[in-house]
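Asker: Sequence and predicted structure, then a few things I'm wondering about:
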2 protein chains.
Amino acid sequence: MFKDISTAEIDTVLKKSHEAFLLYRRVTGDAKASFLEAIASGIEGLGNELLETAMGETNLPEARLAGERARTCNQLRQFASLVKEGSWVEARIDTAIPDRAPLPKPDLRKMMVPLGPVVVFGASNFPFAYSTAGVDTASALAAGCPVVLKAHPAHSKTSELVAGVIATAIKNIGMPSHTFQHVHGSSFEAGKGLVQHPLTKAVGFTGSFSGGKALYDYATQRPEPIPVFAEMGSVNPVFILPGALKARSEKVAEMYAASITQSVGQFCTNPGLLLSLTSPELNQFAKQLGERMKIIAPGTMLHPGIASNYKKNRDKALVQKGVSLEAASNDAPKENQGESTLATVHASDFLNNPTLVEEVFGPYSLLVEAANIEELKAAVRKIPGQLTATIIGEEDELLHYADFVQLVIEKAGRVIINGVPTGVEVCPSMHHGGPFPATTDSRFTSVGTDAIKRFVRPVSFQNFPDALLPAELKQNNPMGIWRLFNNEIRK
Amino acid sequence: MFKDISTAEIDTVLKKSHEAFLLYRRVTGDAKASFLEAIASGIEGLGNELLETAMGETNLPEARLAGERARTCNQLRQFASLVKEGSWVEARIDTAIPDRAPLPKPDLRKMMVPLGPVVVFGASNFPFAYSTAGVDTASALAAGCPVVLKAHPAHSKTSELVAGVIATAIKNIGMPSHTFQHVHGSSFEAGKGLVQHPLTKAVGFTGSFSGGKALYDYATQRPEPIPVFAEMGSVNPVFILPGALKARSEKVAEMYAASITQSVGQFCTNPGLLLSLTSPELNQFAKQLGERMKIIAPGTMLHPGIASNYKKNRDKALVQKGVSLEAASNDAPKENQGESTLATVHASDFLNNPTLVEEVFGPYSLLVEAANIEELKAAVRKIPGQLTATIIGEEDELLHYADFVQLVIEKAGRVIINGVPTGVEVCPSMHHGGPFPATTDSRFTSVGTDAIKRFVRPVSFQNFPDALLPAELKQNNPMGIWRLFNNEIRK
């Protein structure tokens, strides 16, 4: 529907983005906060038109989209508060000691500054929260980086509506023109061109492994490599300890039937792998979970490509050696629908088959039965980097398995006790990231206020006159922010 | 003299390093501090033997080496203090709100955890501070990562001595065996094998662009890419504003003759490029600087390879279009010596010749004469990412050039007013890094306590029982560290 951006247009867009950067990076935290707040209000102001457009493009139900819109506006406002308050720049000040021997100590002050133009790719499964004005855009704009947003082709009209809100906010708040630019492109060429333009300084992406890894390779093979923050999904293993199964297998089954099938399994934190130790209780749990999943009807997926991929990957998983189908939706799936599916396998087969740790994006989970704790530990070692890992266990049992918990922590960005991985709280202590291949950079989060750290770098200011220093580093601390001042944390 | 490590040995070393990691990552901050302090004391305990060995291998004078040794021990002790105090883990805590509508808020706590085994490459120009127990090793060990150190072949005996100290400290303090391992290798194959081993999780390097970029490519082309922190040098441009030349050209010349030739120019922060506006005072400054450099005798460089590269790169620079030799050491250089050299060029030639922004590692600087401020700004834009940039100007003049200062900040990791770039203070507000090609990752420093951030990643702990939480995140804050607790910074 929308024409792909051409190579010549990419060049123009990035040049304008860099021009905007030279002005926007000097915009105050207060002004950036007003800008982000205006975007949030503008999105709310679109009302039902936005929800209806997104429902039409994504097949997501209204309640889910309304919740995602609220989260998106909340994210924008959290970043607004963050930059208004100002301490996020990690100011460090070491004052001069002119008479130090053998050499005088200079005055040194350090803080974070923005990297430059950021290219963000809209995500198919979150038309608001990880797309046009989603967390990548919000954190980049908060950092002082202009954004070039490539709309996801599956919801480009929704994206246009939100981009319109941002354009209005730029005008109303008086931000530099081209602080945000909205482009379309469904080809790999468009993505490659945006990532490899010399003025692009960082990239944000949420989506498939193949898509994210391609962007990472484009970026690291540039003459000047740049960081790519690609969140590429995960199987989110769940380890169920024997005591918990004895005490409450029905309750765990209820919780997980809901988590596996929520939004037709189209969350990057969807639990795709359940692991436990062989026991009569485990057999019972498999049946309980299966019964609950059977009665969850197939749901329409985001777009036909995702539905056909789900069918293909599910079919591939089910024919692997030792894998049995435990349960599937009682109702047959209609066109573009995904059916709830539970499969089982013994750890001995799981350990020798890397296909079984690949994500099946949709309402699918594989239950792995280990003969003993050593086999369970071997399974942990076979699992690559994950966004999340979950452990279900009784309180005293968890302490008994403390070493096992440590092993699990090595694999994931977030570890959950007695909960489900779906549902990503937006707050400072959230880490939404994880070792490769969950993301391309385990050191950064794409949810929560620390997401701003992806788009900044430190600069030291040595021996600067106070008048030339940024407000954050001036001697009398006019912004009243927290700083490390001569090794002491204070305002 | 020492045999290169073989592929089979690399595999054994990394496996042992990973085994050490599983234990070492749980070692307390207090114990890690004792370990780092024991290394510092052990290095001091080597006394003259260490200095004499290093003098024999590097041609560096005793006073310089004694100073570097002091800095190295200081670095180790700074990291010891950092991990003993403990706030560096960036703890963030958001407590549960069980009755929040529509969904309860879980208890979430986040902190930094170590990445895993780190491979560090010793640097030729800093046998102590950036080598065996240098800042890469110190920061990785402080973070909780075991280190595999590849000795620089130009000072492998010095490296063996320091490695012996670390081995003794491991035993005496009771650290896990193989927390530190020392290997030799002068071939690219050895470096590639270490970087591409699947258990290696990060790499530290200080050296040439070609060396650092090769390691970066090895690392990013792995099936599981890992971060490489390569500090690859810089021309460290110095912008001299007209008022300063009018007021104190002789003083600036004195300061820069010393900075350009210090340690035979073998610092990554050596000022290799001076830029100013055409004026009678600039002509006078070129003569004053030249006269001072002529009387600075050639010095013996670190090793024959560096001396021959200096000659080659200096000769290449001097035959570029428009480049004139302004001054060179009065004494002819002897074998393996580098002669002090000042060349000049007009900005019109500089702007069209990328060769002139390449580093000439040694006591060489190129003075660029711009016709006007627009040409000077164009020159800034042509200069790639830098470790440092310096501006020399009178106080009121600096305010007049505020926009120019902003342009310069975009290019560098540290910006110095009225000083020299050589001399890198070791303190929290130091950023020793910069946009590519100065380093492979502008977001991290290789000097100062923030260097620890290179080797850690955040993990969120959701709904953990207090007994299972790391001490840093326990409810009653037993370590008494600074934490962001429900959005409030407090102990």
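Answerer: Nice, thanks for sending it over. In this text the structure is predicted, and so the values were computed from the model without any measurement. Residues are numbered from 1 along each chain as shown, chains lettered A, B, ... in the order given.
Asker: Identify, by residue count, the longest helix of chain A.
Answerer: As assigned by DSSP state H, the longest helix anywhere in chain A is helix A:62-85.
Asker: Close to chain B: what parts of the stretch 201-350 of chain A are there?
Answerer: Near chain B, the residues belonging to the stretch 201-350 of chain A are A:216-217, A:220-221, A:224-227 when assessed by CB under 8 Å from any CB of the partner chain. For glycine as for every other residue, the C-beta is placed from the backbone atoms N, C-alpha and C.
Asker: what's the closest of those to B:L387?
Answerer: The closest of those to B:L387 turns out to be A:E224 (CB to CB; 15.6 Å).
Asker: The closest one: what secondary structure?
Answerer: When the structure is split into helix, strand and coil by DSSP: H, G, I helix; E, B strand; the rest coil, A:E224 lands in coil.
Asker: ditto for the one 5 residues further on
Answerer: Using three-state DSSP, the structure places A:F229 in strand.
Asker: what residues does the stretch 51-200 of chain A put near chain B?
Answerer: A:67, A:87, A:92-94, A:102-103, A:105-106, A:108-110, A:113, A:115-116.
Asker: Lowest pLDDT pick from those?
Answerer: Taken together, these show their lowest pLDDT at A:P102, with 83.
Asker: what about that one, distance to B:E44?
Answerer: Distance of A:P102 to B:E44, given as CB to CB, to the nearest Å: 18 Å.
Asker: Contacts for stretch A:372-383 next, please.
Answerer: Stretch A:372-383 is contacted by residues A:235, A:237, A:239, A:273, A:275-278, A:347-348, A:350-351, A:354, A:357, A:368, A:370, A:404, A:407-408, A:411 when judged by CB atoms under 8 Å, 6 or more residues apart in numbering or on different chains.
Asker: Take these and keep only those in helices.
Answerer: A:347-348, A:350, A:404, A:407-408.
Asker: Neighbour count and pLDDT added to those, as TSV?
Answerer: Compiled in TSV, the ones in helices among the contacts of stretch A:372-383 are given as follows (neighbours: other CB atoms under 10 Å in any protein chain shown; pLDDT from 0 to 100):
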residue	neighbour count	pLDDT
A:A347	23	98
A:S348	14	97
A:F350	27	98
A:F404	18	96
A:L407	16	94
A:V408	20	97
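Asker: Out of these, flag the one nearest to chain B.
Answerer: A:L407 (8.0 Å; CB to the nearest CB).
Asker: How much space separates the nearest residue to that closest one once chain neighbours are set aside from A:N270?
Answerer: Computed as CB to CB, 6 or more residues apart in numbering or on different chains, the closest residue to A:L407 that is not its neighbour in sequence is A:V380, at 5.2 Å. According to CB to CB, A:V380 stands 19 Å off from A:N270.
Asker: between those two, who's got more neighbours?
Answerer: Each of A:V380 and A:N270 has its neighbours counted (other CB atoms under 10 Å in any protein chain shown); A:N270 has more, 29 against 17.
Asker: show me what contacts the more buried one?
Answerer: When contacts are taken as CB under 8 Å, 6+ apart, A:N270 is in contact with A:236, A:259-260, A:262, A:361, A:363, A:421-422.
Asker: at 7 Å what do you get?
Answerer: By CB atoms under 7 Å, 6 or more residues apart in numbering or on different chains, the contact set of A:N270 is A:236, A:260, A:422.
Asker: The second one: neighbouring residues, count only.
Answerer: Looking back up the chat, that one is A:I260. Here the neighbour count serves as a burial measure; for A:I260 (other CB under 10 Å) it reads 27.
Asker: possible to save the residues of the stretch 201-350 of chain A next to chain B as a markdown table with neighbour count, pLDDT and distance to B:E488?
Answerer: Rendered in a markdown table, the data for these read as follows (neighbours: other CB atoms under 10 Å in any protein chain shown; pLDDT from 0 to 100; distance: CB to CB, whole Å):
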| residue | neighbour count | pLDDT | distance to B:E488 |
| --- | --- | --- | --- |
| A:Y216 | 24 | 98 | 37 |
| A:D217 | 16 | 98 | 42 |
| A:T220 | 19 | 97 | 39 |
| A:Q221 | 13 | 96 | 44 |
| A:E224 | 14 | 96 | 40 |
| A:P225 | 18 | 97 | 38 |
| A:I226 | 23 | 98 | 35 |
| A:P227 | 25 | 97 | 31 |
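Asker: What is the nearest of these to B:H178?
Answerer: Nearest member of these to B:H178, counting by CB to CB, is A:T220, at 30.7 Å.
Asker: So the closest one is in contact with B:T220, correct?
Answerer: Yes. Look at A:T220 against B:T220 with CB atoms under 7 Å: they come within range, at 4.0 Å.
Asker: State the distance from the residue nearest to A:L407 to chain B.
Answerer: From A:V380 across to chain B, the span is 12 Å (CB to the nearest CB, to the nearest Å).
Asker: how many other residues sit next to A:K311?
Answerer: The burial count assigned to A:K311 is 18, neighbours taken as other CB under 10 Å.
Asker: That one: what secondary structure?
Answerer: Going by three-state DSSP: A:K311 is helix.
Asker: A:F444 now?
Answerer: Under three-state DSSP, the three-state class of A:F444 is coil.
Asker: Identify the residues contacting the closest residue to it other than its chain neighbours.
Answerer: Distances taken as CB to CB, 6+ apart put A:R454 closest to A:F444, at 4.7 Å, once the chain neighbours are dropped. With contact taken as CB under 7 Å, 6+ apart, A:R454 is in contact with A:139, A:202, A:229, A:444.
Asker: Turn the residues you listed into CSV, columns for pLDDT, distance to B:Q181 and neighbour count.
Answerer: Putting the contacts of A:R454 into CSV (pLDDT from 0 to 100; distance: CB to CB, whole Å; neighbours: other CB atoms under 10 Å in any protein chain shown) gives the following:
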residue, pLDDT, distance to B:Q181, neighbour count
A:S139, 98, 39, 33
A:A202, 98, 35, 26
A:F229, 97, 32, 27
A:F444, 96, 29, 24
